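# just to be clear, the model below is a prediction. Sequence and coordinates:
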Amino acid sequence: MSVLVITGTGTDVGKTVVVAALAALAAADGRRVAVLKPAQTGIAPGEPGDLAEVTRLAGNVTTKELRRYPDPLAPATAARRAGQPTVHPSEAAAAASALNETHDLVLVEGAGGLLVRFDDEGTTIADTAWALNAPVLVVAHASLGTLNTTALTAEALLRRGLESVGVVIGRWPADPDLAARCNLQDLPEVAGAPLLGVLPDGAAALARPDFLDLARSSLSPWFGGTFDPEKFAAPHAC
């Protein structure tokens, strides 16, 4: 795998922190890492966006942003309101392919959920993944309702012929309730893919060395970490 697309089941699920954790692990293992953000919304020109958060946490990785829109809306809507061009999947795929020529790993971060519209034709980050023939990692939240949004995301990936490598919980609560504990067992089933990591809520507040240690313990060996889903779930029995 040299290109991986990361999508959320919705907004505010911890997707950017997961991207930073993936980048931090790969960079620490000596890999050349690039992170592509096709569309950044809700951030004014000159303000730090998701990619600034990634470099703050992961260190020296290449980043590239294709479009930025000030309104915190879906990219297609935000572009229309700003009177700016939209991002087409072919442009995002071309940017990712160019980065892939000089990097060992390219992480492509979507905006919100899988089917958030990027342009008026209704294209999405799923179309970018299809154009790249790239696998997709799903970031989900832990609380009540996540099984439905994760199942819908998995079904959409399947219908589009896209490979889902697994699911990561992006914001595990410090005091998980019954739903969160049960979701540790149920999420892989509804996702049709393994649980590949759990990052605690508030991980972005850590300093870079501590964040790297956390990333290693919170992500699967598939990404260079040590996370064991059965071991993690044991003290959180449902």
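Received, thanks. Numbers count the residues shown, from 1 in each chain.

# what segments of this protein are helices?
In the chain, helices defined by DSSP state H lie at 15-28, 50-58, 75-82, 89-100, 125-132, 146-159, 178-191, 208-218, 229-233, listed in chain order.

# tell me which of these sits most buried.
Among the helices of the chain, helix 15-28 has the highest mean neighbour count (mean count of other C-beta atoms under 10 Å), at a mean of 25. Where C-beta positions appear, they are placed from N, C-alpha and C, glycine not excepted.

# related to what we said a few turns ago, need the helices of the chain in TSV with distance to Gln40 and mean pLDDT, can you?
TSV is the format used below for the helices of the chain (distance: least, C-beta to C-beta, whole Å; pLDDT from 0 to 100):
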stretch	distance to Gln40	mean pLDDT
helix 15-28	10	98
helix 50-58	6	96
helix 75-82	9	96
helix 89-100	12	96
helix 125-132	13	97
helix 146-159	21	97
helix 178-191	26	96
helix 208-218	21	97
helix 229-233	32	94
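
# indicate which one of those is closest to Glu109.
When the helices of the chain are ranked by proximity to Glu109, the top entry is helix 15-28, at 5.0 Å, counting by C-beta to C-beta.

# against which helices or strands is that closest one packed?
For helix 15-28, the packing partners by 3 or more C-beta pairs under 8 Å, 6 or more residues apart in numbering; DSSP states H and E come out as strand 3-8, strand 33-41, helix 50-58, strand 105-113, strand 136-140, strand 164-172, strand 195-200, helix 208-218.

# ok, now with 7 Å
Packing contacts for helix 15-28, counted by 3 or more C-beta pairs under 7 Å, 6 or more residues apart in numbering; DSSP states H and E, involve strand 3-8, strand 33-41, helix 50-58, strand 105-113, strand 164-172, strand 195-200, helix 208-218.

# leaving out the residues flanking it, which one is nearest to Pro70?
Using C-beta to C-beta, 6 or more residues apart in numbering and skipping residues adjacent in sequence, the residue nearest Pro70 is Ala44, 5.0 Å away.
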